[in-house]
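Participant: Compute the structure for the input listed below.
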Amino acid sequence: MSSLSTLGLLAGAALPVQAEEPVHYVALGDSFSAGTGTRAKVDDCYRSPHGYPALLADAHGLQLDYQACSSADTEDVHRDQLDALSPATDYVTMTIGGNDLGYAGVITQCALPGWLSNCEGRINDALELLHSQMPQRYDVLFAEIGVRAPAADVVIGTYPHLFSGRNCNLATFFTAAEMRALNGATDQLADVIADRTQAAGFRYVDARPAFQGHAVCDSPEWVNGLSWPIQESYHPNRDGNIGYADIFWPGTSGSTTTRTTTDTGTASTDQTSASRAQQVRAQADAVLAMDLTGSANLRQARSAGVPTGELVRLVAQLRSGDVATVEKALAGLAALNERHAIRAGR
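Facilitator: Prediction:
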């Protein structure tokens, strides 16, 4: 197989000329590379046909070995995915590092009401690990990739900002300050990824510019907010994976194989109402699962100055069968959280 310099991939800005043999492409990484968020789970690792690796392979005729796996961290990639690499490997992509830092746990913690959350502490713990351990973890992983696939064009991607500063989901309680802090942690992770990627002699691509204006609650949204199944939450959707494909290989979205199709049919009023009712019910159930009125959580609320009588009343209303009542209760809980954030100076 000819080298990727012959194919033109190393430039990263232009599509390669047609090769006589298919380019051997290995997609490594975590859920952001496995297509989680596209609502098309194929196996235990997810590996969606709408994930950016599949889009790249389809658009450019690559021979894809799809190794990326939801929940993978650097150790998992080293142990479970690198056997796919060889001297014949031409092209490698990867996002990795978020799970080393406890990505899901940090998001879950920060989504709680402020009087129950240790969002700042969880972010700080992740950042301490980022700066103390992640450079070495990246160096070890990247060195092994280089040994196993010495001729490959290896491209490492960063993660996008998840938040635009607005929380439009009534089942989560992110404050503006928490969203800024989470985006700031993403920036620090991107800096480390860029530094260690370039030190390894690999190519680095940054997802943040392309995703600007497409965060959770933006329009159009390239990242899911709280979703069901819950695994789909806070990951790039199908449009986001098209964006990622363009980030890794500019011009990919010009292919008809990567364009999303829109159902132009109009849903009936009954279908729309049912969908809204189901969404509201799911959000209410998510908040009820936080056990806000459990004895220990009520003590925390009381010590934080939250009016527990109002809290108990609003939580009780979440069990109502009336959609409007449940929506009003969710909005009331969001307002309680905002008042607490103001008092706490957050």
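Participant: Okay, now the unreliable bits of the stretch 51-200 of the chain?
Facilitator: By pLDDT under 70, the stretch 51-200 of the chain contains no weakly predicted segment.
Participant: Could you give the number of residues near residue 190?
Facilitator: Residue 190 has 20 neighbours, counted by other C-beta atoms under 10 Å. For the C-beta atoms, the positions are set from N, CA and C on the backbone; glycine is no exception.
Participant: Next, count neighbours for the residue nearest to it when sequence neighbours are not counted.
Facilitator: Once flanking residues are discounted, residue 190 sits nearest to residue 158: 4.2 Å by C-beta to C-beta, 6 or more residues apart in numbering. Residues contacting residue 158 under the criterion other C-beta under 10 Å number 24.
Participant: Please enumerate the helices of the stretch 151-300 of the chain.
Facilitator: In the stretch 151-300 of the chain, helices defined by DSSP state H, counting those that start in this stretch lie at 176-199, 208-211, 238-248, 269-288, 295-303, listed in chain order.
Participant: Reformat those into CSV and put distance to residue 95 next to each item.
Facilitator: Listed next are the helices of the stretch 151-300 of the chain as CSV, based on distance: least, C-beta to C-beta, whole Å:
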stretch, distance to residue 95
helix 176-199, 9
helix 208-211, 13
helix 238-248, 8
helix 269-288, 27
helix 295-303, 35
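Participant: Tell me which of these lies nearest to residue 330.
Facilitator: Counting by C-beta to C-beta, residue 330 lies closest to helix 269-288 out of the helices of the stretch 151-300 of the chain; the figure is 6.1 Å.
Participant: Any buried residues in that closest one, and which?
Facilitator: Within helix 269-288, the residues that qualify as buried are 279-280, 283-284, 286-287, counting by 16 or more other C-beta atoms under 10 Å.
Participant: cool, and stretch 71-80?
Facilitator: By 16+ other C-beta under 10 Å, the buried positions in stretch 71-80 come out as 71-74, 76-78.
Participant: Likewise for stretch 223-231?
Facilitator: Buried, per 16+ other C-beta under 10 Å, within stretch 223-231: 223-227, 231.
Participant: Outside of it itself, list whatever touches it.
Facilitator: 36-37, 41, 46, 70, 111, 160, 162, 168-169, 171-172, 211, 214-217, 232-237, 240, 282-283, 286 (C-beta atoms under 8 Å, 6 or more residues apart in numbering).
Participant: Now that stretch - C-alpha only, PDB.
Facilitator: C-alpha atoms of stretch 223-231 as PDB (Å, rounded to 0.1, in the frame of the first residue of the first chain):
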ATOM      1  CA  VAL A 223     -24.700  18.000  20.800                       C
ATOM      2  CA  ASN A 224     -27.600  16.300  22.700                       C
ATOM      3  CA  GLY A 225     -28.700  17.600  26.000                       C
ATOM      4  CA  LEU A 226     -30.300  15.300  28.500                       C
ATOM      5  CA  SER A 227     -31.700  12.500  26.400                       C
ATOM      6  CA  TRP A 228     -33.300   9.100  26.500                       C
ATOM      7  CA  PRO A 229     -31.800   6.500  26.500                       C
ATOM      8  CA  ILE A 230     -29.600   8.400  28.900                       C
ATOM      9  CA  GLN A 231     -26.400   7.200  27.100                       C
END
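Participant: to the chain's geometric centre, what's the distance from it?
Facilitator: Relative to its chain's centre, stretch 223-231 lies at 10 Å (C-alpha atoms, centre = their mean, to the nearest Å).
Participant: which regions of the stretch 201-346 of the chain lie under the pLDDT threshold?
Facilitator: Checking the stretch 201-346 of the chain against pLDDT under 70 turns up 255-274, 346.
Participant: same thing but 50
Facilitator: Across the stretch 201-346 of the chain, residues meeting the criterion (pLDDT under 50) sit at 256, 258-272.
Participant: Adding distance to residue 304, write the buried residues of stretch 71-80 out as TSV.
Facilitator: Shown next, in TSV, are the buried residues of stretch 71-80 (distance: C-beta to C-beta, whole Å):
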residue	distance to residue 304
71	33
72	37
73	34
74	37
76	38
77	41
78	43
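Participant: Of those residues, which is the nearest to residue 334?
Facilitator: In terms of C-beta to C-beta, no member of those lies closer to residue 334 than residue 71, at 29.8 Å.
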